[in-house]
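# sharing a model that was predicted from the sequence below.
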Amino acid sequence: MCGILGLMANSMVNQAVYDALTVQQHRGQDAAGMMTWDEGRFLLRKSNGLVRDVFHTRHMTRLKGHLGIGHVRYPTAGSASEAESQPFYVNSPYGIALVHNGNLTNSDQLVEELFNADLRHINTSSDSEVLLNVFAHELGKQGHHLGAEDIFDAVRRVHRRCRGGYAAVSIINGKGLVAFRDPYGIRPVVFGKRDTAEGPEYMIASESVALDVAGFEMIRDLAPGEALYIDLDRNLHTQRCAEQTRLAPCIFEYVYLSRPDSILDGANVYATRMRMGQKLAEKVHRDWPDNDIDVVIPIPDTSRTAALEMALHLDVPYREGFMKNRYIGRTFIMPGQTQRKKSVRQKLNAIDIEFNGKNVLLVDDSIVRGTTCNEIIQMAREAGAKNVYFASAAPAVRYPNVYGIDMPVAMELIAYDRSVDEVCQLIGADRLIYQDLDDLKAAVSEVNPALTEFDCSVFDGRYITGDIDPDYLARLELARSDDAKQQSSGEHALVDLHNDVEEVE
Ligand SMILES: O=P(O)(O)OC[C@H]1O[C@H](OP(=O)(O)OP(=O)(O)O)[C@H](O)[C@@H]1O
Ligand SMILES: NC(=O)CC[C@H](N)C(=O)O
Ligand SMILES: [Mg+2]
């Protein structure tokens, strides 16, 4: 779940792309990048780090042009090398740049096809470089006078060849801005417009919050399998390019990934999280009517919305018993377990008076590896809690994700092959309550009744694309377990092939 962005404006886009990336920073903290197009020339700055660390004034002043794309990265494939940060660029045909959110599940096969049949070389282990090259190859078949129909034809063939989750934005040199979304709409992408005296401006983003902050009026989400092309004269063209489409967005976007002030596929994320809290309270009433909960305490940040609503429906006080260090980012998307574990303690600190002698119900949005709840429950006990109960606004996460969330290994998930009681014991809680999957789905569907299907694979092991076999999962595990990442972390290329805007010290 990276953050992607595209902007076509009437003035320099660099600052607006930067700002829009910062409001999508929660989708990726490892690397950031921006590529602008200045009348026939691409300019690139990308590097590992947060947006504020990657772009300095000397980069910004050189990122000229009225057209740009940007990316914040949370890797799900390849390495953490700077060369695999995005955008990616290929010079043929035309000159194309691309940013991608998601994960291709047939990337290995595509690399072979690209080399053997399309005569294209992939220089990194990133699936996003693969996606760009497939798109480029298909565009190359269209001849010189590339129009909207030709671009849509090329995207149609991208859908035929690529599997998995993908939302992408691309600049084609001399042609304009293109965006497309996979046939199930697994990863989100929205677009909006801003009218100016010089004509309309367009923004494409992973989340609507980017449009809000930049003053763009949201037009809509890109539909599954749909492509969008904005030519240099600011004409907007759209077309459904995938043959079979079915809207089944990733439900984890609503649980954790997206900002609550975003609206994804017509569902206000904040409203869905409120309903998650309400339904969790109903479950407690149902299964534990004689509970002795004294206080509900959220685990900041993401669980706050659900916890507040849960407290309201349980009719017990809601208290902010953990204070969050605002300078520490999201721990779940940090790259290694040691760093994640250390960061929970640096990030959260208990206020003893909210715990002392009380039966506390701690609420989190989800339990994935169990890093957060393990530490937090211990902290609650150290702060004097009598009993520590734990509730998760999402069901137990038991299966790997293959569509753009870096949870590649079942064994690393605390609930894998364990009953609720076993997890409860392992995390050291006095009672553990998980949301039921049907309630989670209802929490989103009730906000937008048009949303009837989701990818819930991390909860039920059913992969919406229907083509994930145990062999693929085994290969993924081998390549991307914490151990594998640890071993390859020293191998990150120190000498890269990517085009950086020259450093001027
Ligand atoms: O069981 P785990 O592996 O610890 O993963 C789940 C936790 O990680 C996330 O928090 P995170 O700190 O990433 O972000 P937040 O501040 O948005 O809650 C999530 O909100 C849970 O608290
Ligand atoms: N989380 C994502 O969307 C990752 C995009 C891409 N697979 C990468 O690893 O860079
Ligand atoms: Mg959290």
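Done, it's in. Ligands and ions are numbered 1, 2, ... in the order given.
# around ligand 2, pick out the residues from the protein.
Within the chain, the residues that sit near ligand 2 (Cβ under 6 Å from any ligand atom) are 1-2, 73-78, 100-103, 126-128, 404. Where C-beta positions appear, they are placed from N, C-alpha and C, glycine not excepted.
# phi, psi of the residue in the stretch 1-150 of the chain that ligand 1 sits nearest to?
Nearest to ligand 1, among the residues of the stretch 1-150 of the chain, is residue 26, at 6.7 Å (Cβ to the nearest ligand atom). The phi/psi pair for residue 26 (degrees, to the nearest 10) reads phi -60, psi -10.
# please renumber the chain so that the first residue is 151 from this point on.
That works, and once the first residue is 151, the last one we named lands at residue 176.
# and the gap between it and residue 306?
33 Å (Cβ to Cβ, to the nearest Å).
# coming back round to it: in strands, which of the residues of the chain next to ligand 2 fall?
223, 250, 251, 252, 253 (DSSP state E).
# okay if I get those residues as CSV plus neighbour count and pLDDT?
CSV is the format used below for these (neighbours: other Cβ atoms under 10 Å; pLDDT from 0 to 100):
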residue, neighbour count, pLDDT
223, 27, 97
250, 30, 98
251, 31, 98
252, 29, 97
253, 27, 97
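# tell me the SS of residue 443?
The three-state label given to residue 443 by DSSP: H, G, I helix; E, B strand; the rest coil is coil.
# and it, how many neighbours?
As a burial measure, residue 443 scores 21 neighbours (other Cβ atoms under 10 Å).
# and it, what does it touch?
For residue 443, the contacting residues are 434, 464, 466, 509, 510, 511, 539, by Cβ atoms under 8 Å, 6 or more residues apart in numbering.
# what strand or helix carries the first one?
Counting by DSSP states H and E, the secondary-structure element that holds residue 434 is helix 419-437.
# name the residues of that helix that are buried.
419-431, 433-434 (16 or more other Cβ atoms under 10 Å).
# also stretch 498-516?
Applying 16+ other Cβ under 10 Å to stretch 498-516 flags 498, 500, 504-505, 508-516 as buried.
# from the residues you listed, which single one is nearest residue 415?
Using Cβ to Cβ, residue 515 is the member of the buried residues of stretch 498-516 that lies nearest residue 415, at 18.8 Å.
# where's that closest one relative to residue 612, distance?
Taking Cβ to Cβ as the measure, residue 515 falls 21 Å from residue 612.
# so between residue 176 and residue 306, which is more surrounded?
Higher neighbour count among residue 176 and residue 306: residue 176, with 22 against 18, using other Cβ under 10 Å.
# hmm, that one is touching residue 482, no?
No: the criterion here is Cβ atoms under 8 Å, and residue 176 misses it with residue 482 at 10.5 Å.
# which non-adjacent residue is nearest the residue of the stretch 551-655 of the chain found nearest ligand 2?
Nearest residue of the stretch 551-655 of the chain to ligand 2: residue 554, at 4.1 Å (Cβ to the nearest ligand atom). The shortest distance from residue 554 to any non-neighbouring residue, by Cβ to Cβ, 6 or more residues apart in numbering, is to residue 252 (4.1 Å).
# so what's that neighbour up against?
Contacts of residue 252 (Cβ under 8 Å, 6+ apart): 226, 314, 315, 316, 317, 318, 332, 336, 337, 553, 554.
# before we move on, what about residue 171?
Residue 171 neighbours (Cβ under 8 Å, 6+ apart): 153, 155, 182, 184, 201, 220, 221, 222.
# and the first one, how many neighbours?
Just to be clear, that refers to residue 153. Neighbour count of residue 153, defined by other Cβ under 10 Å: 29.
# and the residue nearest to it when sequence neighbours are not counted, how far from residue 285?
Spatially, and ignoring its direct neighbours in sequence, residue 153 is nearest to residue 174 (3.1 Å; Cβ to Cβ, 6+ apart). Separation of residue 174 from residue 285 (Cβ to Cβ): 22 Å.
# try residue 358
In terms of Cβ to Cβ, residue 358 sits 25 Å off from residue 285.
# got it, and residue 470?
Using Cβ to Cβ, residue 470 is found at 47 Å from residue 285.
# when those two are compared, which one has more neighbours?
residue 285 (26 against 14).
# was I right to think that one contacts residue 248?
Yes: here residue 285 reaches residue 248: they are 6.7 Å apart, a contact under Cβ under 8 Å.
# check the contact lists of these two and give me the overlap.
Common contacts of residue 285 and residue 248 (Cβ under 8 Å, 6+ apart): 318, 320.
# and the helix holding residue 434, what other elements does it pack with?
On a contact count with 3 or more Cβ pairs under 8 Å, 6 or more residues apart in numbering; DSSP states H and E, helix 419-437 meets helix 454-464, strand 581-584, helix 587-595.
# mind listing residues that contact that helix?
By Cβ under 8 Å, 6+ apart, the list of residues contacting helix 419-437 reads 403-405, 408-413, 441, 443, 455-464, 513, 515, 541, 543-544, 583, 585-586, 589-590, 592-594, 596-597.
# and those residues, which are buried?
Buried members of the contacts of helix 419-437, counted by 16+ other Cβ under 10 Å: 403-405, 408-410, 412-413, 441, 443, 455-461, 463-464, 513, 515, 541, 543-544, 583, 585-586, 589-590, 593-594, 597.
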